[in-house]
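Student: Provided below for reference: sequence and predicted model.
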Amino acid sequence: MSASIIDGKAFAAGLRERIGVLASAFEAAAGRKAGLAVVLVGEDPASQVYVRNKGKQTIACGMESFEHKLPAETSEADLLALVETLNADPAVDGILVQLPLPAHMNEQKVIATINPDKDVDGFHVVNVGRLATGLPGFVPCTPLGCVMLLKDQLGSLSGLDAVVIGRSNIVGKPMAQLLIAESCTVTVAHSRTRDLPDVVRRADIVVAAVGRPEMVKGEWIKPGATVIDVGINRVAGAQEGKSRLVGDVDFASASTVAGAITPVPGGVGPMTIAVLLRNTIVAAHRNAGIALDESAI
Ligand SMILES: Nc1nc(=O)c2c([nH]1)NC[C@@H]1CN(c3ccc(C(=O)N[C@@H](CCC(=O)O)C(=O)O)cc3)C=[N+]21
Ligand SMILES: [Mg+2]
């Protein structure tokens with residue numbers, strides 16, 4: 001048996017197309033483009049690539065991109081002042097401060113300074129609380145993208161057993177909240193979980209977000225289960241000096257057992273940026289008081 005491959009790259013392209021239509025309608029109604037500000041502190045090469053891709057896709061969807069690149073030595077006070085400026089700027093609907101920040105900055109303090117109604121990452125405690133309470137807010141992009149792929153693949157998730165491996169604030173915890181809201185029976189596993197293979201074997205849905213290359217093996221997967229691989233790990237390639245991307249799931253073995261599985265790259269990764277643009281166009285409509293059927297995006 002061989003799993004069907006969940007094409008996150010294609011799904012993300014379709015989502016960006018729908019966002020593009022909404023962005024031009026927004027521009028016509030508001031008399032300005034929706035705007036996303038992305039702040040990058042430091043020169044981490046991987047972060048620079050992500051930020052460049054975010055900017056390109058923002059513009060391709062017909063929205064305005066404001067990029068702020070600050071040197072690694074920027075003081076926390078200067079970064080907070082920039083965030084306050086973006087909070088007050090009516091051309092900015094969404095604000096993303098690329099993580100991780102340099103060690104001398106307090107990430108929680110920086111995130112807490114972002115206006116929750118411009119927090120398109122969904123990292124502010126107000127948005128975390130809204131998600132936990134079932135109130136409208138902003139949901140972190142990666143887990144929301146995972147749920148979109150799951151619903152596209154499975155239809156209703158109601159009653160399904162889901163195991164989330166990883167308990168980070170950015171993926172694991174919000175993923176669990178979203179799956180609860182979809183009426184799954186949710187287990188959150190992590191580094192201290194006893195007998196992880198047995199826990200995973202119960203699951204109709206497996207979401208792997210641990211950051212350990214190819215840790216989840218095919219023998220752990222219930223036949224026919226849907227596997228969502230959030231991991232992006234750069235490992236040494238077959239050729240000397242070359243690297244390749246792998247997920248947290250051992251794709252070769254898991255894809256012989258699963259019913260459906262996301263690849264790495266081309267699965268969850270492209271969804272993360274597309275959902276960021278979705279959250280931005282939602283923020284623009286909410287902040288401008290223009291009606292939008294958010295459930296149809
Ligand atoms: N405030 C904040 N918000 C974020 O959403 C955020 C962040 N900080 N810091 C870094 C991580 C990482 N991230 C990714 C975005 C796109 C891909 C992506 O498009 N991946 C492609 C290709 C990856 C590649 O080729 O390197 C794929 O998986 O197919 C991956 C990872 C957003 N992040
Ligand atoms: Mg963990």
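Tutor: All right, it came through fine. Ligands and ions are numbered 1, 2, ... in the order given.
Student: Could I get the contacting residues of Pro270?
Tutor: Gly8, Lys9, Phe11, Ala12, Ala13 (CB atoms under 8 Å, 6 or more residues apart in numbering). In short, each C-beta sits where N, CA and C put it, glycine included.
Student: now do Asp119
Tutor: Applying CB under 8 Å, 6+ apart to Asp119 gives the contacts Gly94, Ile95, Ile111, Val126, Asn127, Phe138.
Student: again, 6 Å this time
Tutor: The contact partners of Asp119, by CB atoms under 6 Å, 6 or more residues apart in numbering, come to Asn127, Phe138.
Student: before we move on, what SS does the residue of the chain at minimum distance from ligand 1 have?
Tutor: At 2.0 Å from ligand 1, Gly269 is the closest residue in the chain, using CB to the nearest ligand atom. With DSSP: H, G, I helix; E, B strand; the rest coil as the basis, the three-state label of Gly269 is helix.
Student: Now it: closest residue in space that isn't a chain neighbour?
Tutor: Closest residue to Gly269 apart from its sequence neighbours, by CB to CB, 6 or more residues apart in numbering: Ile232 at 6.0 Å.
Student: Let me see the domain layout of the protein.
Tutor: The record's domain split for the chain, according to automatic domain parsing, is 31-115, 141-270.
Student: And the helix or strand containing Leu40, how far out from the chain middle?
Tutor: Assigned by DSSP states H and E, Leu40 belongs to strand 35-41. Distance, stretch centre to chain centre, for strand 35-41: 16 Å (CA atoms, centre = their mean, to the nearest Å).
Student: Packing partners of it?
Tutor: helix 45-60, strand 64-70, strand 94-97 (3 or more CB pairs under 6 Å, 6 or more residues apart in numbering; DSSP states H and E).
Student: returning to that earlier point: what pLDDT does the residue nearest to Gly269 get?
Tutor: With respect to pLDDT, Ile232 scores 96.
Student: And for Glu73?
Tutor: So Glu73 comes in at 97 (pLDDT).
Student: closest to ligand 2 out of the domains of the chain?
Tutor: Across these, ligand 2 has its closest neighbour in domain 141-270 (4.6 Å, CB to the ion).
Student: Next, count neighbours for the residue nearest to Ala283 when sequence neighbours are not counted.
Tutor: Setting aside the residues directly before and after it, Ala283 is nearest to Asp93 in space (CB to CB, 6+ apart), at 4.4 Å. By the measure other CB atoms under 10 Å, the count of residues near Asp93 is 29.
Student: what do you get for the one 3 residues further on?
Tutor: Residues within reach of Leu96, counting by other CB under 10 Å, total 24.
Student: Hmm, it is touching Asp121, no?
Tutor: Yes - Leu96 is within contact range of Asp121, at 5.4 Å (criterion: CB atoms under 6 Å).
Student: Quick one: the domains of the chain as TSV, columns for distance to Ala284 too.
Tutor: As requested, those are arranged in TSV below (distance: least, CB to CB, whole Å):
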stretch	distance to Ala284
domain 31-115	4
domain 141-270	16
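Student: Most tightly packed of those domains?
Tutor: Between the domains of the chain, domain 141-270 has the highest mean count of neighbours, a mean of 19, where neighbours are mean count of other CB atoms under 10 Å.
Student: rewinding a little: just name the closest of the contacts of Pro270 to Ala209, please.
Tutor: Distance ranking of these against Ala209, using CB to CB, places Gly8 first at 14.5 Å.
Student: List the residues that contact the closest one.
Tutor: Thr262, Gly267, Val268, Pro270, Met271.
Student: ok, 8 Å please
Tutor: Counting by CB under 8 Å, 6+ apart, Gly8 makes contact with Gly145, Leu149, Thr262, Pro263, Gly266, Gly267, Val268, Gly269, Pro270, Met271.
Student: From those residues, pick out the ones that also neighbour ligand 2.
Tutor: Among these, not one lies near ligand 2 by CB under 5 Å from the ion.
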